[in-house]
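>>> The sequence and its predicted three-dimensional model are supplied below.
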Amino acid sequence: MDGVRKEVFLWFCIGLMLLLWVAVLLVTCTPLKINWEAVQKLPDAITLFVLLSFAFTRWMWRWLVFRKWLVRIPDLQGTWRGQFQSTWEDPATGRVIEPRPMILVIRHTFRSVSCTMFTAESESSSRAAQIAVDDDADAITLSYNYTNRSKAILRDKSPIHDGAAHLRVVSTPNRMLEGEYWTGRCTTGQITLSFLKRDLDERFSA
């Protein structure tokens, strides 16, 4: 749970558990004092706590009300559109290719994140991904390793290869991801993306 402030999260859970116990006692007209009758109501409070915990990890962690003071990372799930500029040189011309359009589809849950990149020529899927928070630099970054597979008809000039990307999360004035990538083909490049929509695309569209 690197995405939450652990000490705050611990006290939040303790406070929530006590609050639910008190609520159960009030609803059941049980006196607010520590005795066997109150202890017998603990299973009801625990059940409510488990249900709320499930709701938090499934949906509620995305809510803005929990951002920063409890949840340290933004919700990145959705489709991002932009472009990449590679240092790769076209063997036919000896020139660096022009910037190419791309989309990055991020699937982000409370416990995991994965990335799929689509271009007109290829698709990349992450094998490992993480979001890191640098409190000193006030920066949030998305890093992932990936395997790229170009279309079969293009694989003679663009073979399957591995790579990695390191992107900074920009929240204002617009939601963006920007950074660099490098590949096992000894090429590097820049990536710039803007948030497009919450829906998760499954293919490249111009």
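Yep, it's here.

>>> Please parse the chain into its domains.
Domain ranges of the chain: 6-66, 78-197, per automatic domain parsing.

>>> of these, which approaches residue 203 most closely?
Across the domains of the chain, residue 203 has its closest neighbour in domain 78-197 (6.1 Å, CB to CB). (C-beta placed from N, C-alpha, C; glycine too.)

>>> okay, and the helix or strand of this protein with the least pLDDT?
Ranked by mean pLDDT, DSSP states H and E, the helix or strand of the chain with the weakest confidence is helix 36-39, at a mean of 91.

>>> follow-up on the earlier one: got a markdown table for the domains of the chain, with distance to residue 206 and mean neighbour count too?
Below are the domains of the chain laid out as a markdown table (distance: least, CB to CB, whole Å; neighbours: other CB atoms under 10 Å):
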| stretch | distance to residue 206 | mean neighbour count |
| --- | --- | --- |
| domain 6-66 | 30 | 13 |
| domain 78-197 | 7 | 15 |
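
>>> Dump those into CSV; add distance to residue 205 as well.
Listed next are those as CSV, based on distance: least, CB to CB, whole Å:
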stretch, distance to residue 205
domain 6-66, 26
domain 78-197, 7
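
>>> Show me the contact partners of the helix or strand that contains residue 181.
Assigned by DSSP states H and E, residue 181 belongs to strand 176-183. For strand 176-183, the external contacting residues (CB atoms under 8 Å, 6 or more residues apart in numbering) are 76, 80, 82, 84, 104, 141-142, 148, 161-170, 188-195.

>>> do the same with stretch 60-77
Residues outside stretch 60-77 that contact it (CB under 8 Å, 6+ apart) are 2-5, 8-9, 12, 106-110, 113, 131, 133, 140, 142, 169, 171, 177, 198, 200.

>>> ranges for the strands of this protein?
With DSSP state E as the criterion, the chain has strands at 78-86, 100-108, 113-118, 122-134, 139-150, 161-170, 176-183, 188-197.

>>> Need the contact partners of the third one.
Taking CB under 8 Å, 6+ apart as the criterion, the residues outside strand 113-118 that touch it are 76, 102-107, 123-126, 129-131, 142, 144, 146, 148, 165, 201, 203-204.

>>> Give me the sheet partners of it and which way each runs.
As defined by DSSP bridges, the strand partners of strand 113-118 come to strand 100-108 (antiparallel), strand 122-134 (antiparallel).

>>> Turn the ones you listed into a markdown table, including mean pLDDT.
Formatted as a markdown table, the strands paired with strand 113-118 follow (pLDDT from 0 to 100):
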| stretch | mean pLDDT |
| --- | --- |
| strand 100-108 | 97 |
| strand 122-134 | 95 |
